[in-house]
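# no FASTA, just this:
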Ligand code: 13P
């Protein structure tokens, strides 16, 4: 009788979505984990095709997570072709906020869509520190990506000096608030956030699961205050910064960590797949 009662309770809950999915959002996997590889300035066309094939071949048991790879622009089209018939999605690493024009060296949402890519990383700390990315350009790019039908993966994160100065949440909140300025609730639900502490990127020194969870929970609370609880509950917040097969599980099992944005360890199929498996 008990089982039957629970079963019929869950069954009736399925017909009435508003309350229960919220209560069971984790248990029921409302936020499917997103395991994303940021290939940065690595992989030529042929290498990108081979890596995607290798990932696809090993991903048979990974239906429970979403897989994304973000190659350099030059390999986007080849990657989009190579991913056909697989569960792997493709994203770009940046875009310009204008649709076209005299902007030497830049690429528009339209061109990215034209390659077959569906996602775009925005505001990566390497863009912020080496290429004059500001909160304002992150906001413009996010709006453009959304208008163009690309899923923005918006990166935020503090430097070591900011963490040591106890300013982590201030910095991350300001970056997040500015990124979402003028973005409607409906569009906000399409976004992904990546928390990448700058001091953990490429250093082999990851944030501890507790440090990351604390910031992720803070970002989710901020999204709730900017929009509402349902936007906050649905928002995927990825962790990035020296995520590897041996630390992935402890990070990905934190309540508010919904995936990873992986640099170094995404350049080989076995380590990328091992991290993805830790997200199941
Ligand atoms: P690493 O995983 O190499 O630290 O890079 C993280 C990153 O910058 C992903 O965007």
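Right, received. Where do you want to start? Every value quoted in this text rests on a predicted model; they were computed, and no experiment measured them.

# Show residues contacting stretch 196-204.
Counting by CB atoms under 8 Å, 6 or more residues apart in numbering, the neighbours of stretch 196-204 from elsewhere in the structure are 124-126, 129, 155-160, 163, 168, 205-207, 211-212, 215, 239-242, 261, 263-264. Using the backbone N, CA and C atoms, a C-beta is placed for each residue, glycine as well.

# and those residues, which of them are in helices?
Counting by DSSP state H, the contacts of stretch 196-204 place 125-126, 129, 160, 163, 168, 211-212, 215 in helices.

# If we only consider those, which is nearest to residue 76?
If you rank these by distance to residue 76 using CB to CB, residue 126 comes first, at 18.2 Å.

# what's the closest of the ones in helices among the contacts of stretch 196-204 to residue 142?
Ranked by distance to residue 142 (CB to CB), the ones in helices among the contacts of stretch 196-204 are led by residue 125 at 15.9 Å.

# give me the number of residues near the closest residue in space to that closest one that isn't next to it in sequence?
Excluding the flanking residues, the one nearest residue 125 by CB to CB, 6 or more residues apart in numbering is residue 198, at 4.7 Å. Other residues lying near residue 198 total 21 when counted by other CB atoms under 10 Å.

# where's residue 198 relative to residue 162, distance?
For residue 198, the distance to residue 162 under the criterion CB to CB, to the nearest Å works out to 8 Å.

# Same question for residue 233.
Between residue 233 and residue 162 the computed distance is 28 Å (CB to CB).

# how far away is whatever residue of the chain ends up closest to the ligand from residue 202?
Of all residues in the chain, residue 263 sits closest to the ligand, with a separation of 2.3 Å (CB to the nearest ligand atom). Taking CB to CB as the criterion, residue 263 is separated from residue 202 by 6 Å.

# Likewise for residue 35?
If you go by CB to CB, the gap between residue 35 and residue 202 works out to 18 Å.

# can you list the residues of the protein near the ligand?
By the criterion of CB under 6 Å from any ligand atom, the positions of the chain lying close to the ligand are 38, 124, 196, 201-202, 240-243, 261-265.

# Contact partners for residue 90?
For residue 90, the residues meeting the contact criterion (CB under 8 Å, 6+ apart) are 68-71, 76, 79-80, 83, 115-119.

# What ranges in this structure fall below the confidence cut-off?
Along the chain, the parts satisfying pLDDT under 70 run over 1-29.

# Please enumerate the helices of it.
In the chain, the helices defined using DSSP H lie at 2-15, 20-23, 45-58, 76-82, 109-115, 125-130, 135-147, 160-164, 168-179, 185-188, 209-226, 229-234, 245-252, 269-278.

# For residue 64, find the nearest of these.
Of all the helices of the chain, the one in closest proximity to residue 64, counting by CB to CB, is helix 269-278 (9.4 Å).

# Just the angle for the closest one relative to helix 245-252, thanks.
30 degrees (axes from the mean of the first three to the mean of the last three CA atoms, to 10 degrees).

# Tell me the buried residues in helix 269-278?
By neighbour count, and taking 16 or more other CB atoms under 10 Å as the criterion, the buried residues in helix 269-278 are 269, 271-278.

# Repeat that for stretch 256-270.
Neighbour counts over stretch 256-270 (16+ other CB under 10 Å) mark 256-267, 269 as buried.

# Can you tell me the number of residues neighbouring residue 218?
Residue 218 has 18 neighbouring residues, counting by other CB under 10 Å.

# And residue 159, by the same measure?
17.

# What's the separation between the nearest residue to it once chain neighbours are set aside and residue 124?
Computed as CB to CB, 6+ apart, the closest residue to residue 159 that is not its neighbour in sequence is residue 198, at 4.6 Å. Taking CB to CB as the measure, residue 198 falls 10 Å from residue 124.

# Present the contacts of residue 90 as TSV; the columns should include neighbour count.
As requested, the contacts of residue 90 are exported to TSV (neighbours: other CB atoms under 10 Å):
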residue	neighbour count
68	27
69	28
70	25
71	31
76	25
79	27
80	19
83	23
115	20
116	16
117	28
118	16
119	22
